[in-house]
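**Q** compute the structure for the input listed below.
(one chain, ligands or ions: 1)
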Amino acid sequence: MTPLAEKLTARIRANGPITVADYMAACLGDPEYGYYVRREPFGRGGDFITAPEVSQMFGELIGAWCVATWEAMGAPAPFVLAELGPGRGTLMADLLRAARIRPRFVDGARVHLVEMSPRLRDVQRVQLTQSAERLAWVDRVEDLPPGPMILVANEFFDALPIRQFVRTPDGWAERMVGLAQDGALAFGLRPTHQPLPNQPLPNQPLPHLSFAGYHTGDEAAPTSPQDRVPVIEVSPTRTAVLHTVAERLANASGAALVIDYGYAAPAHGDTLQAIRHHHYDDPLAAPGEADVTAHVDFGALGQAARAAGAAPRLLLNQGEFLYRLGLAERASELSREKGPETRSAIAAAVERLAGPAAMGKLFKVLALSSPGLALPAFDDKSDEQEARRAAGPTGKDG
Ligand code: SAH
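**A** Alright, predicted model coming up:
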């Protein structure tokens, strides 16, 4: 049993089963034994590799996006450059390096990192002291200073807790973590007489399945054996964080990019997962020693953005987003005059970041902004122009 499993077992014995959200929050953020608090998750020797750790191209292209967005905002200085959950600080370092083409951007940026782990804050400090003159850390999105802002979040929302609900023949129940007969952590159900506000009712369409004007992709959440019992996942925490970001953008100029794995068209399905040493594990097997996350419901985030007055754009797959920003061009630039080994490593990184069988399709990019701002890669007219060109002289708009 892991130390956190012992701590949770004692807690459940004393107070009864806990929600999946409480379980996730403890797994990742327990001040003594939480995964991000204690472990070094990233990289080959860790448990997983995120996009910025795959290649510098990821952060550089996002840097180019930030600079173009900042120019569209009228090049405000100072402005808040925020990142949620910066991990090792790699994305921000690559972003700021790419942004050096506009010294006023780098000079004007007040870099704010939202990070709960004191250990990772230290890693970020070491990584970023050379890159930015002013660095600040805050605990929560609410603590970001006011004013114009550009915000990025890569693989942050998947780490925020979800709750799971199941429709049983007797009505709605919440999936809980309790103890089995033998004392091991086990899933169970607790009836909820009063479905949560906004909870879908049996045999009615889920209210967040369709909403006007918003793209619903072609894929549903991945399925698992538990899918035979339809599980509905909701995340009040994620919605609240996104709502806070969106409110800021509705009141001051700015934009945000949320990148994560998840689904555009919600489905009934249990997406809670644990990753340990690059393999999926039972989420209850080793609390504190595995990364316990869940897929992101981008539909719900888009809805929260709209409700707060910040326009969400059509969701892009990560592959499409990176190619629109010039991934192919950047890769060939980096490959120039390099040996075959480096060239094939760069090609492999492109495939990993943007290939449909790797991160290109499962990962999605949600962009939102203050009203009236045109966002690079999302609001470009180039697609339309492309389509017209393809349509040729007989094309409607000539
Ligand atoms: N963006 C990075 C790291 C992703 S891992 C990358 O792409 O490599 C998730 C990050 O979010 C970690 O830095 C973790 O410590 C942080 N984090 C998770 N939950 C958090 C919370 N509730 N508040 C603040 N930071 C959190």
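**Q** tell me which residues in stretch 302-312 are buried?
**A** For stretch 302-312, a neighbour-count test (16 or more other Cβ atoms under 10 Å) marks 302-306, 308, 310-312 as buried. All C-beta spots, glycine's among them, are computed from the backbone N, C-alpha and C.
**Q** any chance of these in JSON lines, with secondary structure and pLDDT too?
**A** Listed next are those as JSON lines, based on DSSP: H, G, I helix; E, B strand; the rest coil; pLDDT from 0 to 100:
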{"residue": "302", "secondary structure": "helix", "pLDDT": "94"}
{"residue": "303", "secondary structure": "helix", "pLDDT": "92"}
{"residue": "304", "secondary structure": "helix", "pLDDT": "94"}
{"residue": "305", "secondary structure": "helix", "pLDDT": "95"}
{"residue": "306", "secondary structure": "helix", "pLDDT": "94"}
{"residue": "308", "secondary structure": "helix", "pLDDT": "95"}
{"residue": "310", "secondary structure": "coil", "pLDDT": "96"}
{"residue": "311", "secondary structure": "strand", "pLDDT": "88"}
{"residue": "312", "secondary structure": "strand", "pLDDT": "95"}
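**Q** which one of these is nearest the ligand?
**A** Here the nearest of the buried residues of stretch 302-312 to the ligand, counting by Cβ to the nearest ligand atom, is residue 304; it sits at 16.5 Å.
**Q** so that closest one touches residue 243, yeah?
**A** Yes - counting by Cβ atoms under 8 Å, residue 304 touches residue 243, with 4.7 Å between them.
**Q** one step back: the buried residues of stretch 302-312: which ones sit near the ligand?
**A** Among the buried residues of stretch 302-312, no residue lies close to the ligand (Cβ under 6 Å from any ligand atom).
**Q** mind putting those in JSON lines, distance to residue 360 included?
**A** Formatted as JSON lines, the buried residues of stretch 302-312 follow (distance: Cβ to Cβ, whole Å):
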{"residue": "302", "distance to residue 360": "20"}
{"residue": "303", "distance to residue 360": "25"}
{"residue": "304", "distance to residue 360": "25"}
{"residue": "305", "distance to residue 360": "23"}
{"residue": "306", "distance to residue 360": "26"}
{"residue": "308", "distance to residue 360": "29"}
{"residue": "310", "distance to residue 360": "26"}
{"residue": "311", "distance to residue 360": "25"}
{"residue": "312", "distance to residue 360": "21"}
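**Q** do stretch 287-300 and the ligand meet?
**A** No - judged by Cβ under 6 Å from any ligand atom, stretch 287-300 and the ligand are separated, with a smallest distance of 7.8 Å.
**Q** can you pull the contacts of residue 132?
**A** Residues in contact with residue 132 (Cβ atoms under 8 Å, 6 or more residues apart in numbering) are 92, 96, 106, 109, 111.
**Q** from the residues you listed, which two are the most distant?
**A** For the contacts of residue 132, the maximum inter-member distance is 11.7 Å, found between 92 and 106 (Cβ to Cβ).
**Q** of those two, which one has the most company?
**A** Taking other Cβ atoms under 10 Å, residue 92 and residue 106 do not tie; residue 92 has more neighbours (28 against 20).
**Q** mind checking what helix or strand follows the helix or strand hosting that one in sequence?
**A** For residue 92, the host element (DSSP states H and E) is helix 90-98. The element immediately downstream of helix 90-98 (helix or strand, assigned by DSSP H and E) is helix 103-108.
**Q** adjacent strands (with direction) for the following helix or strand past that next one?
**A** Toward the C-terminal end, the helix or strand that comes next after helix 103-108 (DSSP H and E) is strand 109-114. For strand 109-114, the paired strands and their directions (DSSP bridges) are strand 79-84 (parallel), strand 135-138 (parallel).
**Q** excluding its backbone neighbours, what's nearest residue 163?
**A** residue 21 (4.8 Å; Cβ to Cβ, 6 or more residues apart in numbering).
**Q** surely the one you found meets residue 174?
**A** No - using Cβ under 8 Å as the test, residue 21 is too far from residue 174 to be in contact (9.6 Å).
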